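*Asks:* the following comprises the amino acid sequence and a computationally predicted model.
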Amino acid sequence: MGAQKTFYLETFGCQMNVHDSEKVIGTLEQQGYARVESEAEADLILYNTCSIRDKAEQKVFHRLNDYKALYQKGKRFAVLGCVAQQEGERIFERAPFVSLVSGSASYRRLPEMLVQIEQGDTRVTGLDDRQTEETFETEFTFRSNPHRGYITIIEGCDKFCAYCVVPYTRGKERSRRSESVLAEARRMAGSGYTEVQLLGQNVNSWRDPGGKRSFAELLAAVGEVPGIRRVRFTTSHPRDFTRDIVEAIDEVPALCDHVHLPVQSGSSRVLRLMQREYTREQYLERIAWIKGARRTISMTTDIIVGFPGETPEDFEQTITLLEAVQYDGVFAFKYSPRPNTPALSMPDSVPEEEKSRRLQLLLDRQREIQRANYERHLGQILEAMVEGVNPARGQVVGRTSQNKTLNFTTAQPIAPAPGAYLPVRVTKTFPNSLLGEAVA
Ligand code: 5AD
Ligand code: SF4
């Protein structure tokens, strides 16, 4: 045999995809592949794709177009993830040089699919087992950060929001047993990890298949694993957001002071059209629980503007909701019609320029809210986890429990190592980050 087989993998999309890629990398390395840093050096080129909005979906087709000439040189292409599951074998028609198309629910079959490619098969698919009860777990997970790591606790989604592709790309919800989650957290703590992020499309819809623990109890149990100093979880669905989650945050110091709770719209009418299964009032009730906690819990959200039928009055309600909640961060998107979804049959009624106008208005308003929120940290001493350095600015880059960026200087000539925790006094604030100096 010749030299070692090599692969290049590029990831698009959410944290679930980022972590899936870590598992795929671990699996490929286990199969004897070495990872390289460019398409040109690789025998096998993989794209782990996202189809949440049309723009995300188009990225993979641009990449394939840019690199298809490499097929003549014997390189093989694989399309993984959400576009793979959504488009299935149509990808072979659109890009005939692709040899493997696999959705995330089929990754446990990657080793055999790789063998098929190596044997010269040019139409290998992993699209057929979305109804499985199993999650994709591998002891070979590659982790790109030695201090902070992901643990998938639930895969798939059963919510079927009217605009969203995820139930079609990631399939049915399946939860991992709490013992298995805790074993992974302990393993990570044993190899030096201090922060874990529990992942799921609807992370708080997790139900222990063994019936042992509630989601809040799982959070608490992970937070009590010796060595784990920070636990995050994303993304929570308001419908399944229970009060005991807030109580757990109050009681277990390792649980971070941050909840990401996508609202999507401030109008109950639009929420109903979106099939979100909660009203503005019910959402605000959950926010009131969070605000009622003993700890100050930072809140962030996702918003879609220009959903079919969204009137100026509906949009105004989203703005008043932002003002009522006072989020520390908002991810806002223009509605993008997606294949297979119920909203696809509703007229995409808000013109593109109007979507852009609403988006900009919302972002401008939110910036002012954040400016005021971040200002409250002035003079506080916060614990920062070191992520790295910014040599150009002579600053250490850190992150607070609330998930805010805290850049700071130290009196020491040598910067603290990534993964270290330091108390930092906040000396200046911005709408999106904090500046400070390490406390001696
Ligand atoms: N168009 C625009 N934004 C969307 N999102 C999900 N589907 C769509 C869509 N079709 C947004 C939601 C979700 C975030 C991950 O992406 O706000 O919470
Ligand atoms: Fe994109 Fe959604 Fe798939 Fe994540 S789950 S990669 S956001 S389409």
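*Replies:* Arrived safely. A quick note: this is a predicted structure, and the numbers were derived from the prediction, not measured. Ligands and ions are numbered 1, 2, ... in the order given.
*Asks:* could you use CA atoms for every contact and neighbour count after this?
*Replies:* Will do.
*Asks:* so how many other residues sit close to residue 248?
*Replies:* 20 (other C-alpha atoms under 10 Å).
*Asks:* let me know whether it touches residue 216 as I believe.
*Replies:* Yes - look at residue 248 against residue 216 with C-alpha atoms under 8 Å: they come within range, at 6.1 Å.
*Asks:* from ligand 1, how far off is residue 101?
*Replies:* 22 Å (C-alpha to the nearest ligand atom, to the nearest Å).
*Asks:* what lines up beside the helix or strand encompassing that residue in the sheet?
*Replies:* Assigned by DSSP states H and E, residue 101 belongs to strand 98-102. Applying DSSP bridges, strand 98-102 is found paired with strand 76-81 (parallel), strand 124-126 (parallel).
*Asks:* quick one: the first helix or strand past it going along the chain to strand 76-81, angle?
*Replies:* Heading C-terminal from strand 98-102, the first helix or strand you meet, by DSSP H and E, is helix 110-118. Computed with axes from the mean of the first three to the mean of the last three C-alpha atoms, to 10 degrees, the direction of helix 110-118 lies at 150 degrees from that of strand 76-81.
*Asks:* hmm, who's touching helix 110-118?
*Replies:* Helix 110-118 is contacted by residues 27, 28, 31, 99, 100, 124, 125, 126 when judged by C-alpha atoms under 8 Å, 6 or more residues apart in numbering.
*Asks:* so which of the residues you listed is the most crowded?
*Replies:* Going by other C-alpha under 10 Å, residue 100 tops the contacts of helix 110-118 with 27 neighbours.
*Asks:* next one: that residue from ligand 1, what distance?
*Replies:* Look at residue 100 and ligand 1: by C-alpha to the nearest ligand atom, they are 26 Å apart.
*Asks:* which strand residues bridge that residue?
*Replies:* Beta-bridge partners, per DSSP bridges, of residue 100: residue 78, residue 124.
*Asks:* hmm, it is touching residue 127, no?
*Replies:* No - if you go by C-alpha under 8 Å, residue 100 and residue 127 don't touch, sitting 10.4 Å apart.
*Asks:* for residue 346, give me its contacts.
*Replies:* residue 308.
*Asks:* I'd like to know which elements the strand or helix carrying residue 47 is packed against.
*Replies:* Using DSSP H and E, residue 47 maps to strand 44-49. Strand 44-49 sits against strand 5-11, helix 15-30, helix 54-67, strand 76-81, helix 82-87, with contacts defined as 3 or more C-alpha pairs under 8 Å, 6 or more residues apart in numbering; DSSP states H and E.
*Asks:* dump these to TSV, plus mean pLDDT.
*Replies:* As requested, the helices and strands packed on strand 44-49 are exported to TSV (pLDDT from 0 to 100):
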stretch	mean pLDDT
strand 5-11	97
helix 15-30	96
helix 54-67	95
strand 76-81	97
helix 82-87	96
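*Asks:* among these, which comes closest to ligand 1?
*Replies:* Closest approach to ligand 1 among the helices and strands packed on strand 44-49 (C-alpha to the nearest ligand atom): helix 54-67, 8.0 Å.
*Asks:* next, the angle from that closest one to strand 5-11.
*Replies:* Using the same axes, to 10 degrees: helix 54-67 against strand 5-11 is 150 degrees.
*Asks:* same for helix 54-67, what does it pack against?
*Replies:* The elements that helix 54-67 packs onto, with contact taken as 3+ C-alpha pairs under 8 Å, 6+ apart, are strand 44-49.
*Asks:* other residues contacting the strand it packs on?
*Replies:* 6-13, 17, 21, 39, 56-57, 60, 75-84.
*Asks:* paired strands for that strand, with orientation please.
*Replies:* Strand 44-49 has these strand partners (DSSP bridges): strand 5-11 (parallel), strand 76-81 (parallel).
*Asks:* okay but residue 406 is in contact with residue 384, surely?
*Replies:* Yes - with contacts counted by C-alpha under 8 Å, residue 406 reaches residue 384, the gap being 6.8 Å.
*Asks:* name the residues contacting each of these two.
*Replies:* Common neighbours of residue 406 and residue 384 (C-alpha under 8 Å, 6+ apart) are 398, 399, 400.
*Asks:* for ligand 1, what are the nearby residues on the stretch 151-300 of the chain?
*Replies:* 163, 164, 262, 264 (C-alpha under 6 Å from any ligand atom).
*Asks:* which ChimeraX command selects the buried ones in those residues?
*Replies:* Typed into ChimeraX, the line below selects the buried ones among these, using 16 or more other C-alpha atoms under 10 Å:
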select :163,164,262,264
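*Asks:* what's the closest of the residues of the stretch 151-300 of the chain next to ligand 1 to residue 137?
*Replies:* Nearest to residue 137 out of these is residue 164 (C-alpha to C-alpha; 25.3 Å).
*Asks:* returning to what we had before: with just CA atoms, put the strand holding residue 47 into PDB.
*Replies:* The C-alpha coordinates for strand 44-49 follow below in PDB (Å, rounded to 0.1, in the frame of the first residue of the first chain):
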ATOM      1  CA  LEU A  44     -11.100  12.400   0.700                       C
ATOM      2  CA  ILE A  45     -12.800  15.800   0.900                       C
ATOM      3  CA  LEU A  46     -15.800  16.000   3.300                       C
ATOM      4  CA  TYR A  47     -18.300  18.800   3.800                       C
ATOM      5  CA  ASN A  48     -20.500  18.700   6.800                       C
ATOM      6  CA  THR A  49     -23.400  20.900   5.700                       C
END
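*Asks:* and the angle from it to helix 15-30?
*Replies:* 160 degrees.
*Asks:* so, low pLDDT: which residues of the stretch 251-400 of the chain?
*Replies:* In the predicted model of the stretch 251-400 of the chain, no residue satisfies pLDDT under 70.
*Asks:* give the phi and psi angles for residue 74, as a check.
*Replies:* phi 90, psi 0 (degrees, to the nearest 10).
*Asks:* and it, what pLDDT?
*Replies:* Note for residue 74: predicted pLDDT of 88.
*Asks:* also within reach of ligand 2: list those from the contacts of strand 44-49.
*Replies:* Near ligand 2, judged by C-alpha under 6 Å from any ligand atom, the entries from the contacts of strand 44-49 are 13, 17, 82.
*Asks:* off-centre distance for the strand holding residue 101?
*Replies:* Averaged C-alpha coordinates place strand 98-102 at 24 Å from its chain's average position (C-alpha atoms, centre = their mean, to the nearest Å).
*Asks:* can I get the CA coordinates of it in PDB?
*Replies:* C-alpha atoms of strand 98-102 as PDB (Å, rounded to 0.1, in the frame of the first residue of the first chain):
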ATOM      1  CA  VAL A  98     -19.600  13.200  -5.100                       C
ATOM      2  CA  SER A  99     -19.200   9.600  -3.900                       C
ATOM      3  CA  LEU A 100     -20.800   9.700  -0.500                       C
ATOM      4  CA  VAL A 101     -24.000  11.400   0.800                       C
ATOM      5  CA  SER A 102     -24.800  10.900   4.500                       C
END
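*Asks:* fine, thanks again, bye for now.
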